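[1] pasting the sequence and the predicted coordinates here, then a few questions.
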Amino acid sequence: EDQVTQSPEALRLQEGESSSLNCSYTVSGLRGLFWYRQDPGKGPEFLFTLYSAGEEKEKERLKATLTKKESFLHITAPKPEDSATYLCAVPPRTGGGNKLTFGTGTQLKVEL
Amino acid sequence: EAGVAQSPRYKIIEKRQSVAFWCNPISGHATLYWYQQILGQGPKLLIQFQNNGVVDDSQLPKDRFSAERLKGVDSTLKIQPAKLEDSAVYLCASSSGSFHIDTQYFGPGTRLTVL
């Protein structure tokens, strides 16, 4: 069964203090890895899709990278509005439609 | 472009009662998903539709949960009878269904509390 593990579970940063969130996965033959942001009381909001090792994508203060075993979400000079839970997810290796297996998320809090 | 719509946003029921949730996907999206998100966990897929056909319902508790997508557009998820452990957020998502790996776009969810 595909597994996705995210760390840390929670992270508290000061405004401007850069850091990275980790997502490790066990699915073989990775077809893609998704990052989502989820604010309290809302549904997950799509951020990035990464397809192959070495790929990087950026959006404002966020940069996602992918290796053969894990993905990182780097947050540069975060602001309080970046506070949210960040989820990563992977589709199955074969078949199974497009079912995503999600990690439990990293809850990020950015303080002034 | 309008996003995925869900209703109601909140529902409180007693155990053994029934409840239904409604979802309207992004216009033109062929694939629709229902996920269950228990507090502190990531979403877990319950059922996936491609147009009005079921692609995957392997994790749907079929003794109490049912879902339909008539006419291949909006969908309804029903729980009958509800149990305490069904308390969760029920998320609907949709994707275009045109690509091998589709981006799924989520609605705001329905928060269900079973007392």
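    Structure received. Numbering: from 1, shown residues only, chains lettered A, B, ... in the order given.
[2] what bridges to the closest residue to chain B within chain A?
    Closest residue of chain A to chain B, CB to the nearest CB: A:Phe102 (2.9 Å). In short, each C-beta sits where N, CA and C put it, glycine included. Beta bridges link A:Phe102 to A:Ala89, judged by DSSP bridges.
[3] which pLDDT value belongs to it?
    pLDDT for A:Phe102: 96.
[4] likewise for the one 10 residues further on?
    Model confidence at A:Leu112, expressed as pLDDT, equals 93.
[5] ditto for B:Phe99
    So, for B:Phe99, pLDDT stands at 66.
[6] about what we covered before: which residues does the residue of chain A closest to chain B contact?
    Contact analysis of A:Phe102 by CB atoms under 8 Å, 6 or more residues apart in numbering or on different chains lists A:Val4, A:Leu87, A:Cys88, A:Ala89, B:Gly42, B:Pro43, B:Lys44.
[7] try B:Glu68
    B:Glu68 makes contact with B:Ser75, B:Thr76, according to CB under 8 Å, 6+ apart.
[8] and the residue of chain B closest to chain A?
    Nearest to chain A in chain B, going by CB to the nearest CB, is B:Gly42, at a distance of 2.9 Å.
[9] and that residue, helix, strand or coil?
    coil (DSSP: H, G, I helix; E, B strand; the rest coil).
[10] quick check: the residue nearest to it when sequence neighbours are not counted vs A:Cys88, distance?
    Using CB to CB, 6 or more residues apart in numbering or on different chains and skipping the chain neighbours, the partner closest in space to B:Gly42 is A:Phe102 (2.9 Å). Distance, A:Phe102 to A:Cys88, using CB to CB, to the nearest Å: 7 Å.
[11] hey, what's in contact with both of the two?
    Residues touching both A:Phe102 and A:Cys88 (CB under 8 Å, 6+ apart): A:Val4.
[12] among the contacts of A:Phe102, which pair sits farthest apart?
    Within the contacts of A:Phe102, A:Cys88 and B:Lys44 form the most distant pair, 14.6 Å apart (CB to CB).
[13] flag every residue of chain B that's near chain A.
    With CB under 8 Å from any CB of the partner chain as the criterion, chain B meets chain A at residues B:4, B:31, B:33, B:40-45, B:48, B:50, B:55-56, B:91, B:93, B:95, B:100-109, B:111.
[14] near chain B, which residues of chain A show up?
    Chain A has residues A:4, A:31-32, A:34, A:36, A:41-46, A:49, A:51, A:87, A:89, A:91, A:96-100, A:102-105 near chain B, with proximity defined as CB under 8 Å from any CB.
[15] list buried residues within these.
    Buried by 16 or more other CB atoms under 10 Å in any protein chain shown: A:4, A:32, A:34, A:36, A:43-44, A:49, A:87, A:89, A:91, A:96-100, A:102-105, out of the residues of chain A next to chain B.
[16] one step back: turn the contacts of A:Phe102 into TSV, columns for distance to B:Ser27.
    Shown next, in TSV, are the contacts of A:Phe102 (distance: CB to CB, whole Å):
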residue	distance to B:Ser27
A:Val4	31
A:Leu87	25
A:Cys88	28
A:Ala89	24
B:Gly42	27
B:Pro43	23
B:Lys44	27
